[in-house]
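In: Task: produce atomic coordinates for the following.
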Amino acid sequence: MKPGIILISSILFLLYSCRPTLEAEFKYLHGEWDYVLESEIDSKQISRGNQKWKSMMVPGLPPDWKFEKFLLIRRALPNYNEFRDPVLFLEIALENFEIFIDGKSIYKFGDFVDESQKVNSYLFPHIISLPKELNNSELRIFFNSNYHGYIGIGRSIYIGERSTILEKILLKDYSRYVLGFFYLFISLFSITYYFVTSQRIYLYYGLLSLVNSFLTLIADYVGMNLFENKNYPHLIYIACIYLIPLFFFLFIKELYKKEINNKWVYNFFIFLYIFFLIYEVFIKLLSPIQSFYLESYFYIFLIFGFFFLYFIISKSAYKGNKDSKLLFFGISIFFFLAIHDVMQDQKFFEYHFELYWYGNFFFILVQGTVLLRRFYFIQKKFELKETELALAKKIQFSILPSLPNNIPNWELVSIYEPMREVGGDFYDITIDKEGNIGLLILDVSGQGVGSALIASMAKAAFFHNESNIQNPELVLSEMNKSLFGKLNGNFVTAFFLTLNPNKGIIQFSSAGHPSGIFISPVNNEIREFRTKSKPIGLFENISYNKSYLYLSEGDLICLYTDGVIELTNHEDECYGEIRLAEFLLANSLLPLEHLKSKLIEDLINFSRYNRMNLVDDLTLILLRYTGL
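Out: Numbering: from 1, shown residues only. The predicted structure is shown next:
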């Protein structure tokens, strides 16, 4: 937390300290100018000569302007010989214009005739080199503007030293560079985190930050002058303006997806912003004609969308949602700072500096804080879940029996590896008063906690039928009666066999479970065995069959769940029954513990498996009849 506070404090310090404090010697050209509007302009006398001049104040609009597209203004130039490299600085000039000094053109921006060369809505500074050693010269500027609501000089116009003006511009924009690269950093981090977690809210936040990065870096003198064609950076600027509300809507929709009742309202605004984006960029790319009415509709829907989200956030905040309270605070600060800039542009008070960028920075920061809180609580829940699963694993392993190693004439070993911390595979062993051994292996459909709980239920059902171990088919039948209707759509496959302690005879019955494998090292024989029947839990009344298997000294039995044979390698090949049986036959003379170790090694070498890439729980039991 402390590094984050230090980082944010440093950025805020830079933002504040990089405000321009340069008080250089400039010759301002504000004040009274002569002007003539479109219908009264003598086209032959634009660069010099007489016109029907009227008087206006610059910066500002002609008092009788009625949305004319052409404006010619003039005034006498002051002496500027004290500057070694004099330039004329126009903070905003709308839109296409040409500058003349004593009838000679010194600068042309855009084009008055060729529509493809016209530049639209360019709201950024111009620095124009001035000829040296001129006295009592006349300055004229001829404007052609399609901009909705303005024509001519906006904000400041003055003469100064080139290096001083460039320094002032860079100092003024430096805080934006800090913001732009900060947005770029958090966008890359957030998008990367999306690819790790697949949570779309991080993608939308990353894209929102990325668009803000482009907007912040492109919307200045340096950014706009990276391109020869000034329409290209402006196109990027416009695209960013249209993308910001789109990604913000997607962000809010994802954040409140569990609380949204009317998704169509969100989808409506999202569709509109996509439509405006495609249409506006398409129009500006193929034609320099501005779509004023469409742009007006965009801002109308932008305002409606803003108040819709404001209502959703404030409603959630009122209910006590802390994330919503943060968002409400952030969006309120952003709103009031943006209103300040709008009122400043509308001349309600004198222009000093723009606060939108700081409000936007604060709002992006608030959204990031919400995501950090979300990440923190998700991490806490994950840690709690991990703790609970570790406890569940401990409990499940505690109820798995240790196979006894002192059973007369028999050796037993087991392998158990759940796909997750807990699983649906299970085995159990019981011995009756006569010394008969009952061995059960089962597999619950699915994996995880739900399957583990059903496995525990199956253990309880088995416990109540231990007295029937000499009748395997009855054990499975009674388990089915106990579990039917309680498995919520799941089912259980099972294999139960009874070992005679004094004879090499096995009684067995299966319920939809994979076949057992019989291995005879003496006869070099492999044989599968099972009884055909349906899994437990699917039907209320199921009849199970019993069969017998006769063993000789050294014969081997293998019971397993399908997680063993479905284990895959990097080529997506399954381990399979044949490979398992052939491996057991090839190693059937080894001591059983040694055979178990070699089998685990073979499974690992085949698939490089670990708990994260098992396709199912993995359980296997090996039995060997040692003879009388």
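In: and Asp323, what does it touch?
Out: Contacts were defined as C-beta atoms under 8 Å, 6 or more residues apart in numbering; by that measure Asp323 touches Leu255, Ser316, Val370, Arg373, Arg374. Every residue, glycine included, has its C-beta placed from N, CA and C.
In: so of these, which ones are in strands?
Out: Of the positions in these, not one sits in strands, assigned by DSSP state E.
In: quick one: Tyr318 and Asn406, what's the gap?
Out: As judged by C-beta to C-beta, to the nearest Å, Tyr318 and Asn406 stand 70 Å apart.
In: same deal with Tyr193?
Out: Tyr193 sits 55 Å away from Asn406 when distances are taken as C-beta to C-beta.
In: more neighbours, those two?
Out: The residue with more neighbours, out of Tyr193 and Asn406 and counting by other C-beta atoms under 10 Å, is Tyr193; that gives 16 against 5.
In: and that one, what helix or strand is that in?
Out: For Tyr193, the host element (DSSP states H and E) is helix 162-197.
In: wait, is Lys52 part of a strand?
Out: No. Assignment of Lys52 by DSSP: H, G, I helix; E, B strand; the rest coil gives coil, placing it outside any strand.
In: right, and it touches Val36 too?
Out: Yes. In this structure Lys52 lies within contact range of Val36 using C-beta atoms under 8 Å: 5.7 Å.
In: which neighbours do those two share?
Out: When contacts are counted by C-beta under 8 Å, 6+ apart, Lys52 and Val36 are jointly contacted by no residue.
In: How about the secondary structure of Glu98?
Out: In terms of secondary structure, Glu98 is strand; the call rests on three-state DSSP.
In: burial count for the closest residue to it other than its chain neighbours?
Out: The spatial neighbour of Glu98 that comes closest, neighbours along the chain excluded (C-beta to C-beta, 6 or more residues apart in numbering), is Lys108 at 4.6 Å. Residues contacting Lys108 under the criterion other C-beta under 10 Å number 13.
In: okay, Lys108: pLDDT?
Out: At Lys108, the model reports a pLDDT of 91.
In: and it, what does it touch?
Out: Lys108 makes contact with Phe97, Glu98, Ile99, according to C-beta under 8 Å, 6+ apart.
In: On the C-terminal side of the one helix or strand it maps to, identify the next helix or strand.
Out: In this assignment (DSSP H and E), Lys108 forms part of strand 104-109. The element immediately downstream of strand 104-109 (helix or strand, assigned by DSSP H and E) is strand 126-129.
In: Which elements pack onto the helix or strand following that following strand?
Out: Remark: after strand 126-129, the chain's next helix or strand is strand 138-144, criterion DSSP H and E. If contacts are counted by 3 or more C-beta pairs under 8 Å, 6 or more residues apart in numbering; DSSP states H and E, strand 138-144 sits against strand 70-76, strand 86-94, strand 96-101, strand 152-161.
In: Compare the contacts of Lys108 and tell me which is most surrounded.
Out: When neighbours are taken as other C-beta under 10 Å, the top entry among the contacts of Lys108 is Phe97 (26 neighbours).
In: Show me what that residue is bridged to.
Out: On the basis of DSSP bridges, Phe97 takes part in beta bridges with Phe109, Phe143.
In: Distance of it relative to Leu72?
Out: Counting by C-beta to C-beta, the separation of Phe97 from Leu72 is 10 Å.
In: anything in contact with each of these two?
Out: The overlap between the contact sets of Phe97 and Leu72 (C-beta under 8 Å, 6+ apart) consists of Ile141, Phe142, Phe143.
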